[in-house]
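Asker: Give me a model of this one.
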Amino acid sequence: HLSTSSGLPSTSSTNKINKSIDIHRSFALQAASSTTAPVIKKGGDATIAASTFNLAKSIIGAGVLSLPSGVAFYSDSPTALIPASIITIVMGLVSAYSFSIIGKACEQHSAESFQDVWAKSVNPNTAW
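Answerer: Now for the predicted structure:
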């Protein structure tokens, strides 16, 4: 029973709450005084082929889903598909070029991830 007839907490429940608070404080102090080194996250263990496939799947999926609605929004004419397709291809080429530049930067700086390249080429304090 947690409270007395007066509506105030009983002594035993107050003692339990105080013990719980003391336990949490001791864990917090122990964690704060811990001298373990921070964990440095490196890149994942996915292969280049798996990463490329996942990236292509995401890009193609987004384009395939958005192209018909975009064309339908701007025109009812079937000829509107031609400029929409051209824009999609141009944007795909720009993306491919950007990814190749990131790959070249990784090779040049002997980095394994975009985060490593950023840290080595721009500023390690701003790498996320």
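
Asker: rest of the way, CA atoms for contacts and neighbours
Answerer: Fine.

Asker: so where's this structure shaky on pLDDT?
Answerer: 1-43, 63 (pLDDT under 70).

Asker: Go again with 90.
Answerer: For the chain, the stretches with pLDDT under 90 are 1-92, 95-96, 99, 102-103, 109-128.

Asker: Helices along that one, start to end?
Answerer: 11-33, 48-74, 81-108, 114-121 (DSSP state H).

Asker: Pick the most deeply packed of these.
Answerer: Looking across the helices of the chain with neighbours counted as mean count of other CA atoms under 10 Å, the highest average goes to helix 114-121: a mean of 18.

Asker: elements contacting that helix?
Answerer: Using 3 or more CA pairs under 8 Å, 6 or more residues apart in numbering; DSSP states H and E as the contact definition, the elements that helix 114-121 packs against are helix 81-108.

Asker: picking up where we left off before, I'd like the helices of the chain written out as a markdown table, with distance to Ala127 added.
Answerer: Formatted as a markdown table, the helices of the chain follow (distance: least, CA to CA, whole Å):
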| stretch | distance to Ala127 |
| --- | --- |
| helix 11-33 | 25 |
| helix 48-74 | 21 |
| helix 81-108 | 14 |
| helix 114-121 | 5 |
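
Asker: among these, which is nearest Trp128?
Answerer: Set against Trp128 and scored by CA to CA, the helices of the chain come closest in helix 114-121, at 6.3 Å.

Asker: mind listing what Ser121 touches?
Answerer: His109 (CA atoms under 8 Å, 6 or more residues apart in numbering).

Asker: sorry, that was for Ala119
Answerer: When contacts are counted by CA under 8 Å, 6+ apart, Ala119 is found next to Asn125, Thr126, Ala127.

Asker: Thanks again, I'm all set now.
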